[in-house]
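J.: Need a 3D model of the sequence below.
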Amino acid sequence: MTAKLQTVTLGCKVNQYETQFVREGLHKIGYTDAGEEPADVCIVNTCTVTNEGDAKSRQTIRKMHRQNPDARIVVMGCYATRCPDEVAQLPGVEEVVTDKRELADLLGRFGVVDIPTGISGLSGRSRAYVKVQDGCLLKCSYCIIPKVRPDMYSRPADEVLDEVRNLYERGFREVVLTGIHLGHYGVDFNFKKPKSEWTRLSTLVRQICELDGDMRVRLSSIEATEITRELLEVMAAYPKKVCPHFHVCLQSGSDRILKAMKRRWGAKRFVDRCKLAAEVLDQPAFSTDVIVGFPGETEDDFQQSMEVCQEIGFSKIHVFPFSPRRDTPAAEMENQVTKAIKGQRGKRIAELETELRDRYFASLVGRRLQLLVEKCESENDVAVLTGTSCRYAPVEVTVRSPQAERLVGSLIDVDIKTAKADRVIGEMVV
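T.: Numbering: from 1, shown residues only. Next up is the predicted model:
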């Protein structure tokens, strides 16, 4: 009888990658996905970035136990690292993995001899995540992650390149480089080396671009100050290989609030680095995260955030009302902002996001974009293709072809004709 496996992932792209790593290791020794059947083993990868993340992790574990009362439940992830004793008391939990560097050991305890060195893709996705770095040394006053992932390390470039080659051979045409602090890739390699021999994120991106094949690479979240001239030079040299899109975390446009957040730079430096990227590259897209209602945030502070967003022209803004995170300095700060004010400010910045997104999408009309086709809905010989462009704008294309389904997962060129509220419409270049 084949053992049945069920996995659940909460949280970030790095967590999704690590769950897939464990899944593929267990598949190698005969485990199959449980589907609707009871599972013999449940892997729960938890998140602790917010108090809600902790609660959802506990709820998920309890749900797994109710649905699979005889299963062996293994819990990993950041909540498991932060509160291992609390997790161990939850029903059905037989093992708690407190360090992600122990995943190979975990697989070994299951009997896996041939430990994977990477993953072969993510189920149901047209793009693949590639974890290249772990750990964060920053001390942002609102963030718990440096306490649960404090040890910074980077994967060797040869290992990453082998994984990217394998993903390409399996049909993936976009890889997303992920890490807890992606811009610090290579920092641990550079100790006691002369600067001329340093490895940087730009080094790895260039090596990926030099691989054979019609594939593109996208960067996940990166700090604006880590958009270096070297990285921009690589992106400019390989415009079809690197997506001209940056997800840069603003958090606030107020220098006073940024200081309270213990961020490492002011708003001007953030803006200047984004402007440099816009000068070097051809109409790059910028998306961001903004926290509204941080302790002590005044209306003037909030207006400064709105002004920075206007100046950069973000195509997407992820808005987070400040939520006090236990065990972080910000949770104990005075002048906590009321829920009503946070909601009102969140609504205003969401309205600004719509305005900026519409403006950016309109600017793409008349351009030729590279599209990763992710979905095809067809009727007779007419098919509607949808997917994500190199500049992160959703794209819709109508084609007349009975073989349009074959385009899913591929890169195609599209001439953009019009812009709608949530996407741009184009014609496939043939």
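J.: Let me see the residues that make contact with whichever helix or strand residue 19 is part of.
T.: Per DSSP states H and E, residue 19 falls inside helix 13-28. Helix 13-28 is touched from outside by 5, 7, 9, 41, 43, 45, 47, 76-78, 100, 103, 106-107, 110, 112, 114-116, 118-123, 129-131, 134, 176, 178-180, 220, with contacts defined as CB atoms under 8 Å, 6 or more residues apart in numbering. C-beta: built from backbone N, CA, C; applies to glycine.
J.: Check stretch 161-178 too.
T.: 12-14, 17, 117-121, 126-132, 185, 201, 204-205, 207-208, 211, 213-220, 243, 372, 409-411.
J.: try it again with 6 Å
T.: If you take CB atoms under 6 Å, 6 or more residues apart in numbering as the criterion, stretch 161-178 is touched by 13-14, 118, 120-121, 127-132, 207-208, 213, 215-220, 372, 409, 411.
J.: Just the buried subset of these, please.
T.: Among the contacts of stretch 161-178, those scoring as buried are 13-14, 118, 121, 127-132, 207-208, 215-220, 372, 409, 411 (criterion: 16 or more other CB atoms under 10 Å).
J.: can you tell me which of those are in strands?
T.: 128, 129, 130, 131, 132, 216, 217, 218, 219, 372, 411 (DSSP state E).
J.: The first one reaches residue 120, doesn't it?
T.: In this case it means residue 128. No - look at residue 128 against residue 120 with CB atoms under 6 Å: they stay out of range, at 8.4 Å.
J.: Tell me where the chain has helices.
T.: 13-28, 51-67, 78-82, 84-88, 103-110, 145-148, 157-169, 201-209, 229-237, 255-260, 267-280, 299-312, 339-363 (DSSP state H).
J.: Those: which one's closest to residue 399?
T.: If you check each of the helices of the chain against residue 399 by CB to CB, helix 339-363 wins as the nearest, at 21.0 Å.
J.: Could you tell me the angle between that closest one and helix 299-312?
T.: Helix 339-363 and helix 299-312 meet at an angle of 10 degrees, taking axes from the mean of the first three to the mean of the last three CA atoms, to 10 degrees as the criterion.
J.: could you give the mean pLDDT of helix 339-363?
T.: For helix 339-363, mean pLDDT is 97.
J.: ditto for stretch 51-68
T.: Across stretch 51-68, the average pLDDT comes to 95.
J.: So which bits of that stretch are buried?
T.: The neighbour-count check on stretch 51-68 (16+ other CB under 10 Å) flags 53, 54, 56, 57, 58, 60, 61, 64, 65, 68 as buried.
J.: show me the contacts for the closest residue to the first one other than its chain neighbours.
T.: Looking back up the chat, that one is residue 53. In this structure, residue 53 finds its nearest non-sequential neighbour in residue 47, 3.9 Å apart by CB to CB, 6 or more residues apart in numbering. For residue 47, the contact set (CB under 6 Å, 6+ apart) comprises 10, 11, 53, 78.
J.: now residue 47: how far from residue 33?
T.: 22 Å (CB to CB, to the nearest Å).
J.: again with residue 75
T.: From residue 75 to residue 33 the distance is 19 Å (CB to CB).
J.: Looking at those two, which is more packed in?
T.: Between residue 75 and residue 33, counted using other CB atoms under 10 Å, residue 75 has the larger neighbour count: 27 against 14.
J.: Surely the more buried one and residue 44 touch.
T.: Yes - with contact defined as CB under 6 Å, residue 75 reaches residue 44; the gap is 5.0 Å.
J.: still on that earlier bit, which single one of the buried residues of stretch 51-68 is nearest to residue 314?
T.: Lowest distance from residue 314 to the buried residues of stretch 51-68 (CB to CB) belongs to residue 53, with 24.7 Å.
J.: any idea how far that closest one lies from residue 325?
T.: Applying CB to CB to residue 53 and residue 325 gives a distance of 9 Å.
J.: how is the protein carved up into domains?
T.: With domains defined by automatic domain parsing, the chain comprises 4-110, 128-363, 368-428.
J.: What residues does residue 180 make contact with?
T.: Contacts for residue 180 were tallied using CB under 6 Å, 6+ apart; they are 134, 135, 136, 149.
J.: Can I get those in TSV including neighbour count and pLDDT?
T.: Putting the contacts of residue 180 into TSV (neighbours: other CB atoms under 10 Å; pLDDT from 0 to 100) gives the following:
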residue	neighbour count	pLDDT
134	21	94
135	20	93
136	20	93
149	18	91
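J.: Looking at these, point me to the pair that's furthest apart.
T.: Spatially, the most separated pair among the contacts of residue 180 is 134 and 136, at 8.6 Å (CB to CB).
J.: Correct me if wrong: residue 315 contacts residue 360.
T.: Yes - judged on CB under 6 Å, residue 315 makes contact with residue 360 at a distance of 4.2 Å.
J.: The residue lying closest to residue 386 once chain neighbours are set aside - how many residues pack around it?
T.: Closest residue in space to residue 386, ignoring its immediate chain neighbours: residue 375 at 4.7 Å, by CB to CB, 6+ apart. By the criterion of other CB under 10 Å, residue 375 has 11 neighbours.
J.: That'll do, ta.
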